[in-house]
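Colleague: here is a sequence together with a model predicted from it:
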Amino acid sequence: VVSDGPEATRRAAAVALLDAVRTLDETYAPKGLRLSATGPDAIAEAVQVQARRDIGFHAVMFLPVAALIMHVHLRRSSLLPVPALCAAAATASSFAIGLGTSRYMSVDQNVPTLMAFL
């Protein structure tokens, strides 16, 4: 539960400003003019976007490697779905824990993803 207060108001204003800058950049980028915002909120958003992309990419890219390693060591193709099942179970449990935690305190939107794939 996010409380309404000065911080929530400041964050909402920052999100609106970042959305406006993003819209302006999309409008003027084809004409050769690039726009970007700076400051702590813009940097935090850029870090979150890149972290989501990196975590998702590395997690998905490791599944075939895990399947190959399992097949080489165990020589049983019936166990090849196990890495995908483990990833699905980790994702489900991380979202369940994140949901339970978010009922009592404010958590970052990246928490379940980080918990699942780190």
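Modeller: Nice, I can see it.
Colleague: what segments of this protein are helices?
Modeller: In the chain, the segments counted as helices under DSSP state H are 6-28, 40-74, 82-102, 111-117.
Colleague: gap between the longest one and the chain center?
Modeller: It stands for helix 40-74. Relative to its parent chain, helix 40-74 has a centroid offset of 10 Å by C-alpha atoms, centre = their mean, to the nearest Å.
Colleague: mind giving me the packing neighbours of it?
Modeller: Applying 3 or more C-beta pairs under 8 Å, 6 or more residues apart in numbering; DSSP states H and E, one finds that helix 40-74 contacts helix 6-28, helix 82-102, helix 111-117. C-beta here means a position set from N, CA and C on the backbone, and glycine is covered the same way.
Colleague: ok and that helix relative to helix 6-28, angle-wise?
Modeller: In terms of direction (axes from the mean of the first three to the mean of the last three C-alpha atoms, to 10 degrees), helix 40-74 departs from helix 6-28 by 80 degrees.
Colleague: give the rounded mean pLDDT of helix 40-74.
Modeller: The predicted model assigns helix 40-74 a mean pLDDT of 80.
Colleague: and the residue nearest to residue 21 when sequence neighbours are not counted, how close does it get to residue 49?
Modeller: Using C-beta to C-beta, 6 or more residues apart in numbering and skipping residues adjacent in sequence, the residue nearest residue 21 is residue 37, 4.4 Å away. Look at residue 37 and residue 49: by C-beta to C-beta, to the nearest Å, they are 13 Å apart.
Colleague: so which of those two has more stuff around it?
Modeller: The neighbour comparison of residue 37 against residue 49 (other C-beta atoms under 10 Å) goes to residue 37, with 18 against 11.
Colleague: residues touching the more buried one, list them.
Modeller: Contacts for residue 37 (C-beta atoms under 8 Å, 6 or more residues apart in numbering) come out as 17, 18, 21.
Colleague: quick check: it vs residue 52, distance?
Modeller: In terms of C-beta to C-beta, residue 37 sits 19 Å off from residue 52.
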